[in-house]
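Peer 1: Here is a sequence with its predicted model. Questions after.
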Protein chains: 2
Amino acid sequence: MGRWEPNARGRLEQAALDLYSEHGFEQTTAAQIAERAGLTERTFFRHYADKREVLFGGAHALEQAFVETLADTPAAAAPIDAMASTLETVAAFFLERHEFAQQRQAVIMANAELRERELIKLASLSTALADTLRRRGVKDPAASLTAEAGIAVFKVGFERWVADSGQRTLADYLRESLDELKAVTSGE
Amino acid sequence: MGRWEPNARGRLEQAALDLYSEHGFEQTTAAQIAERAGLTERTFFRHYADKREVLFGGAHALEQAFVETLADTPAAAAPIDAMASTLETVAAFFLERHEFAQQRQAVIMANAELRERELIKLASLSTALADTLRRRGVKDPAASLTAEAGIAVFKVGFERWVADSGQRTLADYLRESLDELKAVTSGE
């Protein structure tokens, strides 16, 4: 059995991103990623099912953070306010991750299969948020629409944050996007 | 060269939906669809690249209808009002299509690959709507967020319309969803 590899996941993730950026996602193999990270291919497959999943290894944790934070907001909060405070909390996970997020986004945007996987991630997140709102007693279609609104704000705010220089935090962009969504839906 | 086949696309589409509903999408072949429609396999491939595209043959026309309608709304209209009137117009394409839409939705929901294709269709539509709004002079993030809001309303309203008995029109559901989105974002 393998010895303990300090931060193997993080090393594999960074090595994969670097190789995808340098040579393209299609041209990179799991063996090359493991080699760049100074680990064995076997270690790679202990952590990730395939080279695509290296880019989506955080998706489950992100969804869990969203759902748990939303579930824990005070019951009296209006759904959109519960969503706003959830976005604020989740944004903290991306502190110090701007460069990483930029690199990841560039790799994903360059590949149709990865863009699809990213869409699926967001759709799954939307479904999970709507379910959480229903468990808080929010009726449909309000639950589905609040979840979709939250995802729209996250998607647009995230893209703008990634495209920017990283001076402002993701939380700033999410707040701004939510304010803008409120403004556009009220016809301003 | 083949003789003219009256309404070959429509016949293939209905035959495909019936077979997907009866036996599942995976278990159905293009040859079986053609046979059920009383057409040759060669005719099938003249109209559709593969059996998946039979379910998405209307996607391009739908996107075109969305974009052209949005582009034609009066320039003075607030973006969200332009989107509301676009949704209203596009909904008319689905009159007399409730049963078809129900059958199609059931097939799509039963298959992960088809659900992904549907997500891609909506994401492409959102991008096209945001581009159209930008050409109308709407700035970002308002353009992206109005487009995302329109797609959220379309998605949620469409799902509710399909799940219902068909007494009310899609336009009714889209109007209701947009009103509800306005209500939730204003914190009601």
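Peer 2: Cool, got the structure. Numbers count the residues shown, from 1 in each chain, chains lettered A, B, ... in the order given.
Peer 1: So which residues on chain A come close to chain B?
Peer 2: A:78-81, A:116, A:119-120, A:123, A:140-142, A:144-146, A:148-149, A:152-153, A:155-157, A:159-160, A:176-177, A:180-188 (C-beta under 8 Å from any C-beta of the partner chain). (Glycine included, C-beta is placed from N, CA and C.)
Peer 1: just the buried members of these?
Peer 2: Buried residues within the residues of chain A next to chain B, defined by neighbour count using 16 or more other C-beta atoms under 10 Å in any protein chain shown: A:79-80, A:116, A:119-120, A:123, A:141-142, A:144-146, A:148-149, A:152-153, A:155-157, A:159-160, A:176-177, A:180-182, A:184-185.
Peer 1: Helices - which of those land there?
Peer 2: Judged by DSSP state H, helices contain the following of those: A:79-80, A:116, A:119-120, A:123, A:142, A:144-146, A:148-149, A:152-153, A:155-157, A:159-160, A:176-177, A:180-182, A:184-185.
Peer 1: Report the residue spans of chain A with pLDDT below the cut-off.
Peer 2: Where chain A drops to pLDDT under 70, the residues are A:1-4.
Peer 1: domains for it, by residue range?
Peer 2: Domain ranges of chain A: A:8-54, A:58-185, per automatic domain parsing.
Peer 1: Ok, which of these comes nearest residue B:57?
Peer 2: domain A:58-185 (19.7 Å; C-beta to C-beta).
Peer 1: Could you list the buried residues of stretch A:48-66?
Peer 2: Going by neighbour count (16+ other C-beta under 10 Å), the buried part of stretch A:48-66 is A:48, A:51, A:54-57, A:59, A:62-63, A:65-66.
Peer 1: Same list (those) but as a markdown table, adding secondary structure.
Peer 2: A markdown table is the format used below for those (DSSP: H, G, I helix; E, B strand; the rest coil):
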| residue | secondary structure |
| --- | --- |
| A:48 | coil |
| A:51 | coil |
| A:54 | helix |
| A:55 | helix |
| A:56 | helix |
| A:57 | coil |
| A:59 | helix |
| A:62 | helix |
| A:63 | helix |
| A:65 | helix |
| A:66 | helix |
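Peer 1: What is the nearest of those to chain B?
Peer 2: Distance to chain B across those (C-beta to the nearest C-beta) is lowest for residue A:56, with 14.0 Å.
Peer 1: so the closest one touches residue A:116, yeah?
Peer 2: No - counting by C-beta atoms under 8 Å, residue A:56 does not reach residue A:116; the two are 11.4 Å apart.
Peer 1: which phi and psi does residue A:167 have?
Peer 2: phi -70, psi -40 (degrees, to the nearest 10).
Peer 1: In contact with it, which residues?
Peer 2: With contact set as C-beta atoms under 8 Å, 6 or more residues apart in numbering or on different chains, residue A:167 has no partners.
Peer 1: If we use 10 Å, what do you get?
Peer 2: residue A:98 (C-beta atoms under 10 Å, 6 or more residues apart in numbering or on different chains).
Peer 1: same deal with the one 4 residues further on?
Peer 2: If a contact means C-beta under 10 Å, 6+ apart, then residue A:171 has A:87-92, A:94-95, A:157, A:161 as its contacts.
Peer 1: what about it, distance to residue A:84?
Peer 2: 10 Å (C-beta to C-beta, to the nearest Å).
Peer 1: Then residue A:50?
Peer 2: 36 Å.
Peer 1: Residue A:42: neighbour count?
Peer 2: Residues lying near residue A:42 (other C-beta atoms under 10 Å in any protein chain shown) number 9.
Peer 1: Can you point out the helix or strand that includes it?
Peer 2: Assigning secondary structure by DSSP states H and E places residue A:42 in helix A:41-47.
Peer 1: Name the residues of that helix that are buried.
Peer 2: For helix A:41-47, by 16+ other C-beta under 10 Å, it's A:43-44, A:47.
Peer 1: between the residues you listed, which is nearest residue B:101?
Peer 2: Once C-beta to C-beta is applied, the member of those that ends up nearest residue B:101 is residue A:47, at 42.8 Å.
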